[in-house]
Each structure stands twice: as structure tokens, then as C-alpha cells.
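1. Sequence and predicted structure are below.
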Amino acid sequence: MLVSPTPEEVRWIVDQSFHRYFNVSNEELEDLVETPMIDEGRCVARSYRVATFLAMWLKDVGILQFYDEEGRMLRRANLFAEVEPRAAAA
């Protein structure tokens, strides 16, 4: 069984992606707003907003999607492929 990437790992990927692919400056990244999405007491997703962009991490499926201000998907990343898998502790 593999575990999901940690929120810190995903936040790093989000920062790097906003900077690299969408030219978001380091100064703008300081204003990044991270919001957990809770369903029945469990965190199922996290959103990341900065400038005119939004990223959404769907935890259960390991997908990170990036959108512009009009809701168009700009990029999609499979986090299970981006982050080196770690075996779950028994």
C-alpha cells in the first residue's frame, strides 16, 4: 500500500508549478491561500489560490489540477507519479 504525498510536498509542487508554468512571482507566492476541503470530518481536497490562478488537489485520486480565472483547466499532474512513493507503515 502506498501513501499519499504530504501536504508540505504538494504545497512545494504547487509553488514550483505556479512559478514555472504560470510565471507567478515569488512575491505573489507569499500571498498563496491554502484551503482544506472537509467532507464528513475528513480532508478530501485542498485548494491553492494565488493571483488569478487556482490549483486543486484531489487527495483520494492523487490529482493536482490548475485553473485560470475563468475556470479553464491549464495543467494536470498525477501526484503519485510526481512524488516518490513511500511504503505505508504496518
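-> In hand now; what should we look at?
2. and Trp12, that's in a helix?
-> Yes. The assignment for Trp12 by DSSP: H, G, I helix; E, B strand; the rest coil puts it in a helix.
3. in a helix, that's where Glu28 is, yeah?
-> Yes. Note on Glu28: a helix contains this position according to three-state DSSP.
4. any idea how far it is from His19?
-> 9 Å (CB to CB, to the nearest Å). C-beta coordinates here come from the backbone N, C-alpha and C atoms, glycine included.
5. ditto for Arg42
-> Taking CB to CB as the measure, Arg42 falls 30 Å from His19.
6. and if you look at Leu54?
-> Leu54 sits 15 Å away from His19, taking CB to CB as the criterion.
7. what's the answer for Glu27, then?
-> When distance is defined by CB to CB, Glu27 is 11 Å away from His19.
8. quick revisit: for Arg42 and His19, indicate the residue with more neighbours.
-> Set side by side, Arg42 and His19 show unequal neighbour counts under other CB atoms under 10 Å, the larger going to His19 at 15 against 10.
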